[in-house]
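Student: Give me the fold of what follows.
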Amino acid sequence: MTTIQPTSNASAASTANANSAQSASQTDAAQNGASGGAADASAKLSGDYNKFLTLLTAQMKHQDPTKPMDATQFVAQLAQFSQVEQAVAMNKKLDQVLTGMGMSQMATAMGFIGRTVESTGGALTVPETGSTSFRYEVKGEASTATALVKDKDGKLVARMTVPHKEGMQSFTWDGMGADGKRVAAGGYSLTVEYSKPSDKQAAQATTFTTAKVTGAEPSDAGPVLLLGGGNRVKMQDVTSFS
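Tutor: Numbering: from 1, shown residues only. Got it, this is the predicted structure:
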């Protein structure tokens, strides 16, 4: 398993070519959304500018020759229009840069498809048969530690007493629920809580779970990886892959 930083682009992007058609269709939507704001602002500015020039021309054409109008205000307004036009152009270029970054991130995300990733966030995938393992970190001395598994509706399906020694711990769950029956295969959420002798309130451990990536899609917060069982995880939460 290869360890990466949460914000690393990783070498996983090398497999993105096999999914280029899907990546293009997903990133087109992000690109159109990013550039829409600048395009609307530019169109509105152009319309207002043309109206202003039409009004200015009409006033100059029909002005009293003996009392020519004061052009100072019009010159000032022209300068303001110029400043706004420059700001809109700058925003348009910024949108283009952000769109390019989003496309690059999606290409990286597509490269994770088919790989097994470890991530934080508590997205636990239960297979059809067999057990599932996870890791968690206990910070400081603890007297007890409990793992809680909930389904997509937030219903508690399993509660387990797990090792509470300080540091990184691992645990293998056999998939048996609180009712003594095996839970259905799919995606669940995992939390690990531990109690400190000097603190009445339980602390929550950082959990690390593994799952196979089945897809990827863009979001406002960055690419999201789709995992087996219907779980989702932000690409920035991936800590390692294989």
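Student: Give me the distance between Ala216 and Leu227.
Tutor: Ala216 sits 10 Å away from Leu227, going by CB to CB, to the nearest Å. No exception for glycine: its C-beta is placed from N, CA and C like everyone else's.
Student: Also Ser82?
Tutor: Distance from Ser82 to Leu227, by CB to CB: 51 Å.
Student: of those two, who's got more company?
Tutor: Leu227 (23 against 11; other CB atoms under 10 Å).
Student: so the more buried one makes contact with Thr209?
Tutor: No: assessed by CB atoms under 8 Å, Leu227 is found out of contact with Thr209, at 9.0 Å.
Student: what do these two both touch?
Tutor: By CB atoms under 8 Å, 6 or more residues apart in numbering, Leu227 and Thr209 have these common neighbours: Ala123, Thr125.
Student: Ala211 in helix, strand or coil?
Tutor: Each residue gets one of three states, and Ala211 gets strand by DSSP: H, G, I helix; E, B strand; the rest coil.
Student: what sits opposite it in the beta ladder?
Tutor: Val117 (DSSP bridges).
Student: pretty sure it is touching Gly122, no?
Tutor: No: Ala211 is beyond contact range of Gly122, at 11.5 Å (criterion: CB under 8 Å).
Student: Quickly list the domain ranges of this structure.
Tutor: Split into domains by automatic domain parsing, the chain comes to 11-62+70-110, 116-241.
Student: Most tightly packed of those domains?
Tutor: Across the domains of the chain, averaging neighbours per residue (mean count of other CB atoms under 10 Å) puts domain 116-241 on top, at a mean of 16.
Student: can you give me the helices in this protein?
Tutor: Listed in chain order, the helices of the chain (DSSP state H) span 20-61, 72-110.
Student: hey, least reliable of these by pLDDT?
Tutor: Among the helices of the chain, helix 20-61 carries the lowest mean pLDDT, at a mean of 59.
Student: What residues does Thr116 make contact with?
Tutor: Thr116 is in contact with Met1, Thr210, Ala211, Lys212, Val213, Phe241, Ser242, counting by CB under 8 Å, 6+ apart.
Student: where does it sit relative to Lys139, distance-wise?
Tutor: In this view, Thr116 and Lys139 are 27 Å apart by CB to CB.
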